[in-house]
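Participant: let's see this in three dimensions:
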Amino acid sequence: GKELRRPFVNIEVSEDGAISGIGAAWPVTGKWTWQGGYFCRDLYWGGDPLGYNCQEVEANADRIRFTSDKGAGDSAEFRLK
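Facilitator: Predicted coordinates for the structure are as follows:
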C-alpha cells in the first residue's frame, strides 16, 4: 500500500499484489509476492515485459532500495510515500 518515487518514476505497490504507475511517461504494471524473504515481481513497462525477478529489499527511514537477482544485481532506490 505504498507509493515509490524517484525521478521520472511513480509506482504504487498494493497489498493485494498489484503494481501500477508511470515510468518515464510509460505505464508500469505487474504483480508481486514475497518468496523466501525476497520481493518477487513480474513487471511490464509500456506493455513490454521486463520479466520475473526476485529482489533484496532494504528500507531506511523514508527510502527503500531494491537490488535485483536476490541482491547480486543492479539496485534502484525510491522514496516511500
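
Participant: any stretches of the chain with poor pLDDT?
Facilitator: By pLDDT under 70, the chain contains no weakly predicted segment.

Participant: just the strands from it, written as ranges.
Facilitator: Under the criterion DSSP state E, the chain contains strands at 2-6, 9-13, 18-23, 26-35, 38-45, 48-60, 63-67, 75-80.

Participant: a markdown table for these, including mean neighbour count?
Facilitator: (C-beta placed from N, C-alpha, C; glycine too.) What follows is those, written out as a markdown table (neighbours: other C-beta atoms under 10 Å):
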| stretch | mean neighbour count |
| --- | --- |
| strand 2-6 | 14 |
| strand 9-13 | 17 |
| strand 18-23 | 15 |
| strand 26-35 | 14 |
| strand 38-45 | 17 |
| strand 48-60 | 13 |
| strand 63-67 | 16 |
| strand 75-80 | 14 |
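
Participant: need the contact list for the residue lying closest to Ala25 once chain neighbours are set aside.
Facilitator: Spatial nearest neighbour of Ala25, chain neighbours left out: Phe8 (7.7 Å); criterion: C-beta to C-beta, 6 or more residues apart in numbering. Taking C-beta atoms under 8 Å, 6 or more residues apart in numbering as the criterion, Phe8 is in contact with 23-25.
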